[in-house]
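**Student:** sequence first, then the predicted structure:
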Amino acid sequence: MSRPRSAVPSSLPSAPSRRRDTPQGPVRHSPDAEAALAPAAVAVHGGFWDARREVNARISIPQGPGLLESAGNLRNLRLAAGTDEGEFQGAYPFVDSDVYKWLEAAAWQLARTPDGDLADEVARIVSLVAAAQQDDGYLNTWFQLLKGGARYQDLRWGHELYCAGHLIQAAVAHHRATGASELLDVAVKFADHIDSVFGLPGSGRPIDGVDGHPEVETALVELYRETGERRYLDLAGYFVDRFGHGLLGGEVYCQDRVPLREATNVEGHAVRQLYLLAAATDLAVETGDAGLRTAAERLWEAMTATKTHITGGLGAHHDEEDFGDPYELPNERAYCETCAAIASVQWSWRMALLTGEARYSDLVERTLYNGFLAGVSLDGERWLYVNPLQVRDGHTDAGGDQSARRTRWFRCACCPPNVMRLLAGLEHYLASTDGDGLQIHQYVTGRYTGHLDGSAVVVSAETDYPWQGTIALSIEETPQDRPWTLSLRIPQWCRDYRVRVGDSVYDTAGAPVADGWLRLERTWAPGDRIVLELGVEPRLTAADPRVDAVRGCVAIERGPLVYCLEGVDHPGGGLDDMVLDTTRPLAVKHRPDLLGGVVTVLAAGRRRSIADAGWWPYRTADAAADADADERDGAQSADEPLELTAIPYYAWANRQDGSMRVWLPTS
């Protein structure tokens, strides 16, 4: 692929890709984008996610610079700039990326809530980054300080382009949020350097190669959208299509076994795979590449059907942080890295915009409330790198990157600033707009704003979701001379809903859903009211029988939340002996005193001792069936009856270290 060189636009704010009617979020389509939907603006001002974002803004983000200083990340930048003395700190070549992710988080936070102290910290760190950059645009403190300036000699492990990608994303966020161009100038200079180095044989560039960790690809697409410079889009396309051609030794781990267009299932390192797929989706949007779109749809379907945990978590193996085989979904050895949950949200949101299909936002919702949110403690100060679905009785470890214990910071600290940036920019993943109206993907208390041919449509919402299923909507602004469609996503888990439009009430049969959307079309007037009621009764969920790890078990869910048991709520014995009684009804209890205020689910169960089980845990299938029948018929059992208290999975490990489990064996 030969990429003609052209000048960077001299005035970035007036570049052709800057659209007045699209919000300044992390995904901002160009005017020529071929997507079904465009991001809509959302202001969140109450409820569940507002509370979690407040902790992020008040606790997590302000602590970032101090933690990055103590870990050596910021000092490395000063060393590279020649303004400090000493040795490189950090165990990995990608430590610069933690700084960039924090900058992106801070930028989105400043866009939402101006803060002088935070703005000063951002300006200080942006100056450090700019000072560390070399004259030709290159920037990576590991190679500048430890490798004698050698570049691109270890693309498999060096993460030079990975770090560049996070720098570019931070720069785009900083420019969109503040209008400042200092960091964007650094990113453009680095991107131009990369463009001068990488390309196909015969292109005049010296290296035909890709980074072992995809990331720069989707960042380059966004840089194209911000500047209007086509070279960046072409460079992203070159990188995406060069994976799978043996440039990294054919490693599955690095997405190099097979070209993405030919792949039939997700594989290898989960975060690498998902970042690559997010970039492929961005390219499909901007170029209309049908082959990339088909591949993305095929791989998303395979991933969700065979390799996704009930929490939305992804990644079966600790060894290489990778996907396992189809239906290989372990519990206590589940990896489910927090960064993989974030990457899943980013990719699925792009797929929702590309296709207009609600199922992608179903997975976004499941992942946000469960696999993602568990990654940060309720106080915003401690983190989980991995998110298992079971911790056994007596399990102990010292904490750290692959621990089931919350940790203050990590040697590989990719997850904490990644959580910060997603929470800070969460409003950009909640709604969309198109030529027909406004689509609400995720339900929050706030205001949703879309555009119809230059006219604004504004809908306000009040809800106690996910604790309650009622969402009250009101039309605030609307063109009154034309009909438009308000589309409400009916979650995949929901089996019972009602909608009231003014004085008219429709139940599940009277308001049919098509492709996950309940579409309400009419000529709206300011003050029109819509009330959607989603049934959030607790339910028991079973897995496909091919999921060996949980065969014979069920999980408790309520609304979008997955629930779990914790040992702290069940004194007098461990969770390993717990058995759930599926013949008894589930009940709910609001606990404003517990874990910041949650709704718990109460279930009947029993604790079976080793003595009750006998000396041999196996029996014939006929005997097992007879025992189950006796229990169903009410035969007397020696097992101790118990009331089990299930809490939302996102809130586990916030009181004391101990056992936990999502999947429960049944009696």
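**Tutor:** Ah, there it is. Residues are numbered from 1 along each chain as shown.
**Student:** dihedrals phi and psi, L452?
**Tutor:** The phi/psi pair for L452 (degrees, to the nearest 10) reads phi -130, psi 100.
**Student:** same check, this time on G212
**Tutor:** Per degrees, to the nearest 10, the backbone of G212 is at phi -60, psi -20.
**Student:** can you confirm T600 is in a strand?
**Tutor:** Yes - under DSSP: H, G, I helix; E, B strand; the rest coil, T600 falls within a strand.
**Student:** residues in contact with it?
**Tutor:** 588-591, 594, 645-647 (CB atoms under 8 Å, 6 or more residues apart in numbering). C-beta coordinates here come from the backbone N, C-alpha and C atoms, glycine included.
**Student:** since we're on S70, how many residues are nearby?
**Tutor:** 12 (other CB atoms under 10 Å).
**Student:** sorry, back to before: with the contacts of T600 in mind, which one is nearest to W616?
**Tutor:** Among the contacts of T600, A646 lies closest to W616 (CB to CB), at 31.3 Å.
**Student:** give the buried residues for the strand or helix carrying W300.
**Tutor:** Assigned by DSSP states H and E, W300 belongs to helix 290-306. Neighbour counts over helix 290-306 (16 or more other CB atoms under 10 Å) mark 292-293, 295-297, 299-300, 302-304, 306 as buried.
**Student:** which one of the contacts of T600 is nearest to I556?
**Tutor:** Ranked by distance to I556 (CB to CB), the contacts of T600 are led by A646 at 4.8 Å.
**Student:** show me where the protein dips below the pLDDT cut-off.
**Tutor:** Applying pLDDT under 70 to the chain flags the ranges 1-21, 398-399, 609-614, 624, 627-640.
**Student:** for the contacts of T600, give me a markdown table that also has secondary structure.
**Tutor:** A markdown table is the format used below for the contacts of T600 (three-state DSSP):
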| residue | secondary structure |
| --- | --- |
| V588 | strand |
| K589 | strand |
| H590 | strand |
| R591 | strand |
| L594 | coil |
| T645 | strand |
| A646 | strand |
| I647 | strand |
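**Student:** can those residues go into CSV with extra columns for neighbour count and distance to G137?
**Tutor:** CSV is the format used below for these (neighbours: other CB atoms under 10 Å; distance: CB to CB, whole Å):
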residue, neighbour count, distance to G137
V588, 15, 57
K589, 11, 59
H590, 12, 56
R591, 14, 55
L594, 17, 52
T645, 18, 57
A646, 27, 53
I647, 25, 50
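**Student:** out of the residues you listed, who's nearest I475?
**Tutor:** Using CB to CB, those come closest to I475 at H590, 31.1 Å.
**Student:** my read: the closest one touches V601, true?
**Tutor:** No - H590 is beyond contact range of V601, at 11.1 Å (criterion: CB atoms under 8 Å).
**Student:** who touches both of the two?
**Tutor:** Between them, H590 and V601 share no contacting residue under CB under 8 Å, 6+ apart.
**Student:** report the central residue of this structure.
**Tutor:** When CA atoms, centre = their mean is applied to the chain, the residue found nearest the centroid is I342 (2.3 Å).
**Student:** tell me the contacts of it?
**Tutor:** By CB under 8 Å, 6+ apart, the neighbours of I342 are 372, 418-419, 422.
**Student:** out of those residues, what pair is the most spread apart?
**Tutor:** F372 and N418 (9.7 Å).
**Student:** pull up the overlap in contacts between the two.
**Tutor:** Shared contacts of F372 and N418 (CB under 8 Å, 6+ apart): 338, 342.
**Student:** what about the helices in the stretch 51-200 of the chain?
**Tutor:** Secondary structure of the stretch 51-200 of the chain by DSSP state H, counting those that start in this stretch: the helices cover 61-70, 73-81, 96-112, 116-132, 141-146, 160-178, 182-197.
**Student:** which one of those helices lies nearest to W524?
**Tutor:** Across these, closest to W524 is helix 96-112 (CB to CB), at 27.7 Å.
**Student:** now the strands for the stretch 501-650 of the chain?
**Tutor:** Residue ranges of the strands in the stretch 501-650 of the chain, as given by DSSP state E, counting those that start in this stretch, are 504-506, 517-522, 529-534, 538-541, 553-558, 561-566, 578-580, 587-591, 598-607, 640-648.
**Student:** and the angle from the fifth one to strand 598-607?
**Tutor:** Okay, so that is strand 553-558. If you take axes from the mean of the first three to the mean of the last three CA atoms, to 10 degrees, strand 553-558 sits at 160 degrees to strand 598-607.
**Student:** residues making contact with strand 553-558?
**Tutor:** Taking CB under 8 Å, 6+ apart as the rule, strand 553-558 contacts 310, 466, 493, 536-543, 562-564, 580, 582, 586, 588, 599, 601, 603, 646, 662-666.
**Student:** extract the C-alpha set from it and format it as PDB.
**Tutor:** Taking Å, rounded to 0.1, in the frame of the first residue of the first chain, the C-alpha atoms of strand 553-558 are listed here in PDB:
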ATOM      1  CA  CYS A 553     -24.800 -25.000  38.200                       C
ATOM      2  CA  VAL A 554     -26.900 -21.900  38.000                       C
ATOM      3  CA  ALA A 555     -26.100 -18.200  38.400                       C
ATOM      4  CA  ILE A 556     -28.400 -15.500  40.000                       C
ATOM      5  CA  GLU A 557     -29.200 -12.400  37.900                       C
ATOM      6  CA  ARG A 558     -31.400  -9.500  38.400                       C
END
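**Student:** related to what we said a few turns ago, tabulate the strands of the stretch 501-650 of the chain (CSV), appending distance to E222.
**Tutor:** Below are the strands of the stretch 501-650 of the chain laid out as CSV (distance: least, CB to CB, whole Å):
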stretch, distance to E222
strand 504-506, 40
strand 517-522, 27
strand 529-534, 33
strand 538-541, 37
strand 553-558, 35
strand 561-566, 32
strand 578-580, 46
strand 587-591, 42
strand 598-607, 36
strand 640-648, 33
